[in-house]
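[1] Build me a structure from this.
(chains A and B)
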Amino acid sequence: EDKVVQSPLSLVVHEGDTVTLNCSYEVTNFRSLLWYKQEKKAPTFLFMLTSSGIEKKSGRLSSILDKKELFSILNITATQTGDSAVYLCAVVVISNFGNEKLTFGTGTRLTIIP
Amino acid sequence: DSGVTQTPKHLITATGQRVTLRCSPRSGDLSVYWYQQSLDQGLQFLIQYYNGEERAKGNILERFSAQQFPDLHSELNLSSLELGDSALYFCASSPKGTGFDEQYFGPGTRLTVT
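    Have a look, this model is predicted:
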């Protein structure tokens, strides 16, 4: 069974701090890894990673994938209160039937204190 | 506002009943995805349709079914409802036929089974 594990489950930091969120996975037929941000509503897409060692960056957020060690990290620098959210990691695999399937981790709840 | 609409916003029903959730994708998007988010299971991918045909299948129960109509709106049918089906059901749309990166999520339908 495919597994995606995120750590920590929750994190509370002060505004301006840098945080690192972790996502490890055990899946068969890996295709890609995605990060989402979920505030009080629907998830919003952040990054898709398919290759090891290539950093994806968007403003203060960045992410990288290690396909050998089967994990990804999401970094947020100079955190702001608007970064408070649940961050979800998900892995896309190719199923036995040849189609794609998405498995989510449980998420990391990040709280930024002003 | 993502441009994806879901109706109804809230639904309360009893165990054993059947309900239909509706999703209208963004103009021009051919793919519709359905997700379930519950406290127990987290966020789960259920199924994807592309231009009327099933394209990818996740952890969708046999009691659940979906379809996409010629006008591209989609419906998720949940039958023989159980207490554990209480969840937030999201629909997302995409212009792509494969992949999960470029998705636009709707606001969700909150289903409560009593």
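
[2] For stretch A:82-95, what is the distance to the chain centroid?
    Here the centre of mass of C-alpha atoms in stretch A:82-95, compared against the chain's by C-alpha atoms, centre = their mean, to the nearest Å, lies 5 Å away.

[3] what sits against the closest residue to chain A within chain B?
    Closest approach between chain B and chain A, counting by C-beta to the nearest C-beta: B:Phe105, at 3.4 Å. For glycine as for every other residue, the C-beta is placed from the backbone atoms N, C-alpha and C. Going by C-beta atoms under 8 Å, 6 or more residues apart in numbering or on different chains, B:Phe105 touches A:42-44, B:2, B:4, B:90-92.

[4] now, among those residues, which is nearest to A:Ile94?
    Within the contacts of B:Phe105, distances to A:Ile94 taken as C-beta to C-beta reach their minimum at B:Ala92, with 20.1 Å.

[5] isn't the closest one right up against B:Val32?
    Yes - B:Ala92 sits in contact with B:Val32 when judged by C-beta atoms under 8 Å, with a separation of 7.3 Å.

[6] Tell me which of the two has more neighbours.
    B:Val32 (31 against 27; other C-beta atoms under 10 Å in any protein chain shown).

[7] Please name the strands paired to the helix or strand that contains the more buried one in the sheet, noting orientation.
    Of the helices and strands defined by DSSP states H and E, B:Val32 is found in strand B:31-38. Using DSSP bridges, the strands paired with strand B:31-38 are strand B:42-50 (antiparallel), strand B:87-94 (antiparallel).

[8] okay, the last one in PDB with CA atoms only?
    Okay, so that is strand B:87-94. C-alpha atoms of strand B:87-94 as PDB (Å, rounded to 0.1, in the frame of the first residue of the first chain):
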ATOM      1  CA  ALA B  87     -16.900  14.800   4.900                       C
ATOM      2  CA  LEU B  88     -16.100  17.700   2.700                       C
ATOM      3  CA  TYR B  89     -16.200  16.800  -1.000                       C
ATOM      4  CA  PHE B  90     -14.200  18.900  -3.300                       C
ATOM      5  CA  CYS B  91     -14.300  19.000  -7.100                       C
ATOM      6  CA  ALA B  92     -11.400  20.400  -9.100                       C
ATOM      7  CA  SER B  93     -11.100  21.100 -12.800                       C
ATOM      8  CA  SER B  94      -8.100  21.300 -15.100                       C
END
